[in-house]
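Quick one: sequence and predicted model below, then my questions.
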Amino acid sequence: RAPFFWGSRKSQEKEKMAVEQMSPGILATILLKNAEEKDASKREAVVVIDVRDDDWKGGNIKGSINVPSWRFPDKLEGLLKQHQDKKAVVFHCMYSQQRGPKAARAFSQTLASKYKDSKCKVYYLTGGWKAWFKEYINSEKRDLLIENLDPKIWG
């Protein structure tokens with residue numbers, strides 16, 4: 001199946017600019033605050049969607065949802081229905097250079113056209129999984145930020 005992110009380098013750069021970036025530090029602050037909050041109603045309504053394909057194996061951001069990029073177009077409607085009321089949806093792939101920003105843009109554009117009253121903000125994670133891994137692999141709070149870690153893959 002052909003990847004949905006085909007396009008010229010110029011179109012990819014435009015796509016990245018259409019959706020805001022979120023730094024690993026900001027996302028980690030939100031996730032850690034949510035992990036510490038006992039009252040679920042007080043947690044930030046934020047979801048992380050990981051669009052890595054086979055490169056998803058071996059570790060992920062804790063609590064993230066894996067929707068492989070090749071399945072994303074078929075899953076878009078369901079994701080919109082499920083997450084349009086969230087405060088934020090953050091997409092990423094390995095480096096957040098193609099798949100993550102493309103998925104974020106598709107989600108954002110479809111959200112704006114079909115759910116005009118939604119207040120949901122859409123982001124892509126700066127630097128993707130690689131930046132997240134590098135930043136938090138040695139963190140004392142690693143278990144709150146990374147799950148399914150396989151040292152054989154990530155050393």
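Received it, and whenever you're ready, just let me know what you need. If you're wondering where the values come from, they're calculated on a predicted model, not measured in any experiment. Numbering: from 1, shown residues only.

For the helix or strand containing residue 134, buried residues please.
Using DSSP states H and E, residue 134 sits in helix 128-136. Residues of helix 128-136 classed as buried by neighbour count (16 or more other Cβ atoms under 10 Å): 128, 129, 131, 132, 133, 135, 136. In short, each C-beta sits where N, CA and C put it, glycine included.

Nearest to residue 117 among those?
Using Cβ to Cβ, residue 128 is the member of the buried residues of helix 128-136 that lies nearest residue 117, at 30.6 Å.

And the closest one, how far from residue 51?
Separation of residue 128 from residue 51 (Cβ to Cβ, to the nearest Å) stands at 10 Å.

Distance from the helix holding residue 134 to the middle of the chain?
Here the centre of helix 128-136 is set off from its chain's centre by 12 Å, with Cα atoms, centre = their mean, to the nearest Å.

Any chance you could list what contacts that helix?
Residues outside helix 128-136 that contact it (Cβ atoms under 8 Å, 6 or more residues apart in numbering): 24-25, 27-28, 50, 52, 59-61, 92-97, 100, 125, 127, 142, 145-146, 154.

Export only the CA atoms of stretch 116-134, formatted as PDB.
Only the C-alpha atoms of stretch 116-134 are listed here, as PDB (Å, rounded to 0.1, in the frame of the first residue of the first chain):
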ATOM      1  CA  LYS A 116     -16.400  23.700  13.300                       C
ATOM      2  CA  ASP A 117     -17.200  24.200  17.000                       C
ATOM      3  CA  SER A 118     -14.300  22.000  18.300                       C
ATOM      4  CA  LYS A 119     -11.800  23.800  20.500                       C
ATOM      5  CA  CYS A 120      -9.200  21.000  20.000                       C
ATOM      6  CA  LYS A 121      -5.700  22.200  19.200                       C
ATOM      7  CA  VAL A 122      -3.600  20.000  16.900                       C
ATOM      8  CA  TYR A 123       0.200  19.700  17.200                       C
ATOM      9  CA  TYR A 124       3.100  17.600  16.100                       C
ATOM     10  CA  LEU A 125       5.900  16.700  18.400                       C
ATOM     11  CA  THR A 126       9.200  18.500  17.700                       C
ATOM     12  CA  GLY A 127      11.900  15.900  16.900                       C
ATOM     13  CA  GLY A 128       9.400  13.000  17.100                       C
ATOM     14  CA  TRP A 129      10.100   9.800  19.000                       C
ATOM     15  CA  LYS A 130      13.900  10.100  18.600                       C
ATOM     16  CA  ALA A 131      14.000  13.500  20.400                       C
ATOM     17  CA  TRP A 132      11.600  12.100  23.100                       C
ATOM     18  CA  PHE A 133      13.700   9.000  23.600                       C
ATOM     19  CA  LYS A 134      17.000  11.000  23.800                       C
END
